[in-house]
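Visitor: have a look at this prediction, sequence included:
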Amino acid sequence: MSSGGENIGLLEKPPVDAPAPAPEASARTRRVHIKTFGCQMNVYDSERMSEALGAGGYTATDTPEDASLVLLNTCHIREKAAEKVYSELGRIRAIKIRRAGIGQETMVVVAGCVAQAEGAEIIRRAPVVDLVIGPQSYHRLPALIARIQSGERGLVETEFPEEDKFEHLPERQLAPRARRQTTAFLTAQEGCDKFCTFCVVPYTRGAELSRPVARLVEEARRLVDQGVRELTLLGQNVNAYHGAGPDGNAWSLARLIGALSEIDGLERLRYMTSHPRDMSDDLIAAHANEPKLMPYLHLPFQAGADRILAAMNRKHTAADYMALVGRLRRARPDLALSTDIIVGFPGETDAEFEATLAMVREVVFAQAYSFKYSPRPGTPAASMDRQVPEPVKAERLQRLQALLEEQQSAFARGLVGRTVPVLFEKAGRKPGQLIGRSPYLQSVHVEAADAWLGRVADTAILSAGPNSLAGVIKAQ
């Protein structure tokens, strides 16, 4: 955990010569600005926190300058994650001072995985923060906000609670400005028991927890009733899902997908992120047998050399991964894969990096997320010998990303001339333009009327750009 650096927030209360903060005129005038860092799970968590605060009278604002409550929902996965949060808090401190000068109070909350990892250190380095709250405790947010309003400051809530936070959150209710939202995240599983040596998730999110099937089906139905047509099931290790089913038995992710597929009005299902060791037989079969399950799978392999995989504690080999890919593609021939890859893990040799490149060439990915290894405080890999020099990591990453970009472009070009179902989500920048989502998560631009929003239409792909496709809706 970080313990150094200058204090970047010294304002614990408004300057003495500032006018006293004016009380909010009513609950309806309270505004919250939420800034989200990191993964899809954090996006989901931010939505749930916004819903909980909305039930307490807060309305969302896009600008922190207008907010009486500023909340940073943080991620600890990437390099220098904590320092980025402290930098953001420096900007928020300046906003808090300006608002105090005109008699307006600003509460500041740091939530998420940096909050869990840093705890009271955040308050020490940035006294501008009123509350630090971990990702397992945000159901307590309204009560903690009330304590701040009564005069308490510097609250830290990072203990793992005994109660299930999902049982204490309000029912899902899309924000009014998102009423035409057609896609949504749904957290099915949280935490991880794998303990990869580079990863902080077991320490910030805790042990694996799967939500009951009935609760997930209920939440999914409510979202579909509000216009959602595509759901992505989320989890740090979602294919390890083992939630309690209505029959009293633990259900697999495949059984959950089967139950969700029966919801009228739900057009599409996805899930992420997966671990290769938890791709069960019934889940592989679901890719062949569930039409609503999209032919796109995020399946991280991280490295192509068995010695590095063992040092990462991945508990699979390169051959295991390749065999799994073969099984998946036999089950669903049009399946496209994305992945996560780390270069420069401690001790990685040139030959071991070449093994990673060889695996990428053999699998061929439609999309990938690649990163230089960065030590995460408190993880076993951070103290390993033979840390790879930064210039070597940078050179390897450049080579890997060039190969991945080539594969991604080739996959997009391969769709030109094909017809694919596209779910149209929003209006484009040009008048008369709509933007949709292909089965492979690519943006698709078409010229069409707004009546197509929220609908799936067969679309002929005409061209492929660097980041999107262009097409035309076929006559219905």
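Guide: Yes, it's here. Numbering: from 1, shown residues only.

Visitor: where does pLDDT dip in the stretch 101-250 of the chain?
Guide: Residue ranges of the stretch 101-250 of the chain with pLDDT under 70: 161-180.

Visitor: quick one: the helices in it?
Guide: In the stretch 101-250 of the chain, the helices defined using DSSP state H, counting those that start in this stretch lie at 113-118, 120-125, 141-149, 201-204, 213-225.

Visitor: so which of those is the most packed in?
Guide: By mean neighbour count, with neighbours taken as mean count of other C-beta atoms under 10 Å, helix 113-118 ranks first of the helices of the stretch 101-250 of the chain at a mean of 27. In short, each C-beta sits where N, CA and C put it, glycine included.

Visitor: contacts for that helix?
Guide: Here helix 113-118 makes contact (C-beta atoms under 8 Å, 6 or more residues apart in numbering) with 1-2, 37-38, 42, 74-77, 81-82, 85, 122, 132-136, 158, 200-201, 203-205, 377-378.

Visitor: state which helix of the protein is the longest.
Guide: Taking DSSP state H as the criterion, the chain has its longest helix at helix 390-414.

Visitor: relative to the helix or strand just after that one, what are the paired strands and their orientations?
Guide: Next in sequence after helix 390-414, counting helices and strands by DSSP states H and E, comes strand 419-427. When sheet partners are counted by DSSP bridges, strand 419-427 sits next to strand 433-437 (antiparallel), strand 456-464 (antiparallel).

Visitor: just checking, what packs against the longest helix of the chain?
Guide: strand 336-343, helix 350-363, strand 367-372, strand 456-464 (3 or more C-beta pairs under 8 Å, 6 or more residues apart in numbering; DSSP states H and E).

Visitor: tell me the SS of L469?
Guide: strand (DSSP: H, G, I helix; E, B strand; the rest coil).

Visitor: gap between it and Q433?
Guide: Applying C-beta to C-beta, to the nearest Å, the value for L469 to Q433 is 13 Å.

Visitor: common neighbours of the two, please.
Guide: Counting by C-beta under 8 Å, 6+ apart, the residues touching both L469 and Q433 are H445.

Visitor: ok, these two, which is more surrounded?
Guide: Legend: neighbour count by other C-beta atoms under 10 Å for L469 and Q433, higher for L469 (24 against 14).

Visitor: contacts only, for that one.
Guide: By C-beta under 8 Å, 6+ apart, L469 lies in contact with 412, 415-416, 438, 442-445, 461, 463.

Visitor: first-to-last residue distance for stretch 427-440?
Guide: One end of stretch 427-440 sits 20 Å from the other (C-alpha to C-alpha, to the nearest Å).

Visitor: make that stretch 186-193, sorry
Guide: 21 Å.

Visitor: repeat that for stretch 129-136.
Guide: So stretch 129-136: terminal residues 19 Å apart, C-alpha to C-alpha.

Visitor: please apply the same query to stretch 107-123.
Guide: Using C-alpha to C-alpha, one end of stretch 107-123 lies 13 Å from the other.

Visitor: hang on, the earlier thing: just the buried subset of the contacts of helix 113-118, please.
Guide: Among those, those classed as buried by 16 or more other C-beta atoms under 10 Å are 2, 37-38, 42, 74-77, 81-82, 85, 122, 132-136, 158, 200-201, 203-205.

Visitor: out of those, which sit inside strands?
Guide: 74, 132-133 (DSSP state E).

Visitor: where in the stretch 351-476 of the chain is pLDDT low?
Guide: The stretch 351-476 of the chain contains residues with pLDDT under 70 at 476.

Visitor: repeat the analysis, applying 90 as the threshold.
Guide: 374-378, 429, 466-467, 475-476 (pLDDT under 90).

Visitor: out of the helices and strands packed on helix 390-414, nearest to D320?
Guide: Nearest to D320 among these is helix 350-363 (11.6 Å), distances taken as C-beta to C-beta.

Visitor: in the closest one, what counts as buried?
Guide: 352-353, 355-357, 359-360, 363.

Visitor: which single one of those is nearest to D282?
Guide: Distance to D282 across these (C-beta to C-beta) is lowest for V363, with 23.1 Å.

Visitor: wait, doesn't the closest one sit right on A323?
Guide: No - V363 lies out of contact with A323 (C-beta atoms under 8 Å); the separation is 11.7 Å.
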